[in-house]
Each structure stands twice: as structure tokens, then as C-alpha cells.
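Visitor: what follows is a protein structure lacking sequence information:
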């Protein structure tokens with residue numbers, strides 16, 4: 001795998017982590033809505049289980065956010081260190097002349 005391919009794969013992983021982060025945020029919102037609805041309904045099982053679910057998803061979100069920040073920084077540093085912009089320009093030139 002050449003440098004540009006590695007950088008592109010790293011960028012893909014960053015996008016996937018962002019998508020995962022968004023999914024976890026959506027889950028937290030959905031659980032919260034169910035918790036609010038259950039205040040009126042008063043179902044004991046939901047009352048007992050939803051706060052634990054909410055906490056586990058929130059913990060996952062914290063972990064994902066931390067990993068995303070770390071890997072986004074790593075990807076940016078890799079791109080800067082390896083002058084990826086110049087590599088992309090060179091590849092575009094090569095592709096245009098091929």
C-alpha cells in the first residue's frame with residue numbers, strides 16, 4: 001500500500017468513526033425519548049432498564065469520540081508529514097496524462 005492509499009484508507013476510517021458517533025448520538029436521543037414517554041406510562045421494566053441502556057450507549061459514545069479525535073489527528077499528521085496534497089496533485093497529473 002503506497003502512502004496515498006494509506007492516507008485515503010485513514011480518511012475512510014475517520015468518516016466511518018464519524019458515522020458511528022452520529023449513530024450513537026441518535027441512539028441516545030431515541031432512548032431519551034422513550035424514557036420521557038415512559039414517565040407518563042410508568043412501565044417498571046422500561047423504568048429499570050432504560051437508564052442502564054442510556055448509560056452504556058453514552059459510555060460508548062465517549063469512547064468513540066475519543067478514538068475519533070485521536071485517529072483524526074493521526075490522519076492529519078500523517079497527511080502533513082507525507083505531503084499528501086502534493087501526492088494527490090501528482091496522481092491527478094499522472095491520471096490525466098495516462
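Guide: Done, it's in. Worth saying up front: this structure is predicted, and the values here are computed from it rather than measured. Residues are numbered from 1 along each chain as shown.

Visitor: so how far is residue 54 from residue 68?
Guide: As judged by CB to CB, to the nearest Å, residue 68 and residue 54 stand 21 Å apart. Where C-beta positions appear, they are placed from N, C-alpha and C, glycine not excepted.

Visitor: swap that for residue 44, sorry
Guide: 16 Å.

Visitor: more neighbours, the two?
Guide: More crowded of residue 44 and residue 54, by other CB atoms under 10 Å: residue 54, with 17 against 8.

Visitor: quick check: the more buried one touching residue 35?
Guide: Yes: between residue 54 and residue 35 there is a contact under CB atoms under 8 Å: 6.9 Å.

Visitor: please name the residues that touch residue 51.
Guide: Applying CB atoms under 8 Å, 6 or more residues apart in numbering to residue 51 gives the contacts residue 35.

Visitor: that one: what secondary structure?
Guide: helix (DSSP: H, G, I helix; E, B strand; the rest coil).

Visitor: any idea how far residue 97 is from residue 30?
Guide: For residue 30 relative to residue 97 (CB to CB), the value is 52 Å.

Visitor: for these two, indicate the residue with more neighbours.
Guide: A count of neighbours by other CB under 10 Å puts residue 30 above the other of residue 30 and residue 97, at 12 against 6.

Visitor: against residue 55, how distant is residue 1?
Guide: 39 Å.

Visitor: name the surrounding residues that touch the lowest-mean-pLDDT helix or strand in the chain.
Guide: Ranking every helix and strand in the chain by mean pLDDT, DSSP states H and E puts helix 84-97 at the bottom, with a mean of 88. Identification of contacts with helix 84-97 by CB under 8 Å, 6+ apart yields 3, 4, 7, 78, 79.

Visitor: at 6 Å what do you get?
Guide: Residues from elsewhere that reach helix 84-97, judged by CB atoms under 6 Å, 6 or more residues apart in numbering: 4, 7.

Visitor: so which bits of that helix are buried?
Guide: Buried positions in helix 84-97, judged by neighbour count with 16 or more other CB atoms under 10 Å: 84, 87.
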